[in-house]
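> Could you work out the structure for the sequence below:
(chains A and B)
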Amino acid sequence: MSDAAQAPGRLSFWRAALVVARRDFLAILFGRTFFLFLLGPLFPAIVATMAGGIGAQTQSIAMSADIGLAMEAQDTEAMLHARDELAAQIGPAIPNMVVLERLEPGQTFDGVRVLESGEGRFAGVVTGTLAAPQLAATQGTLDRWRGVVALIAARAADDTSLALPDVATQVVATSGATQNTGRLRTAQGGQLILFLLIMLLATMVLSNLAEEKGNKIIEILAAAIPMDAVFLGKLFAMLGISAVGIAVWGSTGALILAAGDFSLASFTSPGVGWPLFFALGVVYFAMGYLLLGAIFLAVGSMAATVRDVQTLSMPVTMAQVMVFFLASMAVTQHGQWTEYAAMAFPLSSPFAMLARAATDEALWPHAVAIGWQLVCVALFIRFGAQLFRRKVMKSGPRGAAKKKSRSGKRAEQAA
Amino acid sequence: MDMATGETRESDVGKGLLAIEARGLVKAFDGTLAVDGVDLSVRKGAIYGILGPNGAGKTTTLRMLMGIIEPDAGYRRVLGHDNPRDVARRIGYLPEERGLYPSMKAIEAIAFMGALRGLPLAEGRRRGRELLERHDLGHAASRQIRQLSKGMAQTVQLLGTLVHQPELVVLDEPFSGLDAINQGKLEVMIRDLAEQGTTVIFSTHVIHHAERLCEGVAIIAGGRVPYAGSVETARDRIPAQVRLETRSREGAWRNALPEDTRRVGDFWQFTLPETGVEPLLRALIDGDAGILSLSIERAGLHDAFVAIAGEAAVRDMDTRSAGDAA
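Now for the predicted structure:
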């Protein structure tokens, strides 16, 4: 007996999407390239770590440049003593000083020649006397250290005239300024991570329908289930793959950070608190992914070949970057039209709202935004599916061109 | 449907005896007309062929019937529903351009295609295994599609089309790409389906399959259907040909032969006159032609197809010429 009598009608929309999602998810998960997909983000992380290490080392070397001293012996000793005393009180704002030469009375020293010849690693050279010190250095170094050298020289000249009082201190965990700064950093960091994840993962759906088009299986799908369900199923499959990837990367990162005694307590708590911030991060990732993914899937489905898909990648990535810039601008423009525009524009909304979760305690805007983003996801998928059906699912005549319906022509002639 | 003529009767429509009914289907792509007023009626349980040359509009017509694309004008009813996807679980569809996921195992491909039509995956696998074994492909169940030959992959896809046991099976050019043995197997499979009460519609530009299998055919040419009806009626549209062999070559009896008589080898060949063969025979005997042999050959579907599709093409050209002149 035919199954038709037992189960007439069509597959429900969600079940149809599930069938497609399940197939895609398993095909990718057990595909030969999935392991490379998981390893993918490690490569930029390694490069970033190495680049950061090299940068830090370079900066450290640059920062360790000394000020050379070339003064009479007595003045030199007084300068060194004063420098050490002030450094104990003021800290790293006082530069290190190294004796270049202890001069005899009346002897002169050409500091400019030493600097220009590149001898040693001196950022500047102090000559002259305690009453009239001379500093030779580049303009930037002069601007930075002229006052400090004067302070050291004054202290060296009269040990008592610059006695600094002790300052009693009280330690607080945070302040309005640090909280604001910390939340802004959390907002920017959250946006950046969200952007990187979505850029990495949503772009993958560009070529997602290429397989079906290449294999001609798209017609079987289109004949059996709504194209909207195909689109949604494909997006959910990639979302699931992304979730697997993020779980692996997140767990690895958390383990590394835990091993390094890293704690969230050392960061300013976001407006909605850390647990809710993470929860909203997951939701906004899903929304951002679905919104961009729906567009990319539709755009990619128009491409006839893999080469077309690759060509499309560049403008698509640029469009993503522009959306990210809009959301980034909104972070520092709390309550201004830029922020509202970024929150309302569907593609930047997830980024802007995650930033808001970091800087603002209110929860209701998130409920509104998530609802709005869901509506946009549905609209984007519907639009993409219709576009695909109209532009791709057709069979044009290969014979002689038949420009106009003869029935239509007859009707015109009759009129 | 009248089984003798293949024509659909009004009562068939009213009684819900039609698997497919289409009236005035029109579809244009980017201003170019692909299908221009196609009418079709297919009785439930029939094997029905859609014949036409390449680019005639067969695939577009089938895609409209399957709901893959929407017609610009006209209407279709499939298994009693205006929207074919409302009865998607009762339909099996094999597109012209075959498609399977290369990395999928054969058994999974069949189960997946069943799942798209509402069949649970586990049941799809069970039935898929049965179908594969019944068609001598049991050994290929766990092999990836990319590891199968083209013919085997096509069979797997066809089994995927049938796994949910549909009431209506629509096959777009199912014989293309198959060797003679597999074409024969497919013909057997189609007959088996019809015997079980399944309606089978297939398109083809190879007439012999339709002639052997179908009770009804529609000939599509230039996006229109110049003929829809039984195979027999189509053949009857071409007059029978007479082949005559005579002892004598000349004589008064030659005046009795029709105007289109031509000499082919040792034979005279001409269209059977409307008056029948008896008056001609009498004239030949009276004229002492010396009849050695005389045979009347009925036209095949292929001849009918060429004649009908050709006529339509001529009409199409005339219409366009008239339009251009206007």
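> quick one: low-confidence parts of the stretch 151-300 of chain A?
By pLDDT under 70, the low-scoring segments of the stretch 151-300 of chain A are A:159-163, A:169, A:171-176, A:178, A:211, A:214-215, A:266.
> Just to check, A:Pro270 is in contact with A:Thr359?
Yes - using Cβ atoms under 8 Å, A:Pro270 is in contact with A:Thr359, at 7.5 Å. The way it works is simple: take the backbone N, C-alpha and C, and place the C-beta from them, glycine included.
> Mind listing the shared neighbours of these two?
With contacts defined as Cβ atoms under 8 Å, 6 or more residues apart in numbering or on different chains, the residues adjacent to both A:Pro270 and A:Thr359 are A:183, A:187.
> which of those two has more neighbours?
A side-by-side neighbour count of A:Pro270 and A:Thr359, using other Cβ atoms under 10 Å in any protein chain shown, places A:Pro270 first with 26 against 20.
> and B:Ala28, how many neighbours does it have?
Residues near B:Ala28, counting by other Cβ under 10 Å, number 23.
> Is it located within a strand, as I assumed?
Yes - remark: B:Ala28 belongs to a strand, assigned using DSSP: H, G, I helix; E, B strand; the rest coil.
> B:Ile69 versus that one, what's the distance?
11 Å (Cβ to Cβ, to the nearest Å).
> Then B:Ala194?
27 Å.
> just A:Met353 next, same as before
39 Å.
> between those two, who's got more neighbours?
Between A:Met353 and B:Ile69, A:Met353 has the larger neighbour count (other Cβ under 10 Å), namely 27 against 21.
> Enumerate every residue touching the closest residue to chain A within the stretch 101-250 of chain B.
The nearest approach of the stretch 101-250 of chain B to chain A comes at B:Leu116, 3.9 Å away (Cβ to the nearest Cβ). By Cβ under 8 Å, 6+ apart, B:Leu116 lies in contact with A:11, A:16, A:19, A:220-221, A:224-225.
> Now do the buried residues in the host helix or strand of A:Leu374.
If you go by DSSP states H and E, A:Leu374 is part of helix A:364-391. Buried residues in helix A:364-391, counted by 16 or more other Cβ atoms under 10 Å in any protein chain shown: A:366, A:369-370, A:372-373, A:376-377, A:380-382, A:384-385, A:388-389.
> Determine if any part of it is in contact with chain B.
Yes - under the criterion of Cβ under 8 Å from any Cβ of the partner chain, chain B is reached by helix A:364-391 at A:Arg389.
> A helix includes B:Leu159, no?
Yes - remark: B:Leu159 belongs to a helix, assigned using three-state DSSP.
> correct me, but it touches B:Gly138?
No - look at B:Leu159 against B:Gly138 with Cβ under 8 Å: they stay out of range, at 11.6 Å.
> quick one: which of the two has more around it?
B:Leu159 (24 against 15).
> Would you enumerate the residues in contact with the more buried one?
Contacts of B:Leu159 (Cβ under 8 Å, 6+ apart): B:110, B:128, B:131-132, B:135, B:137.
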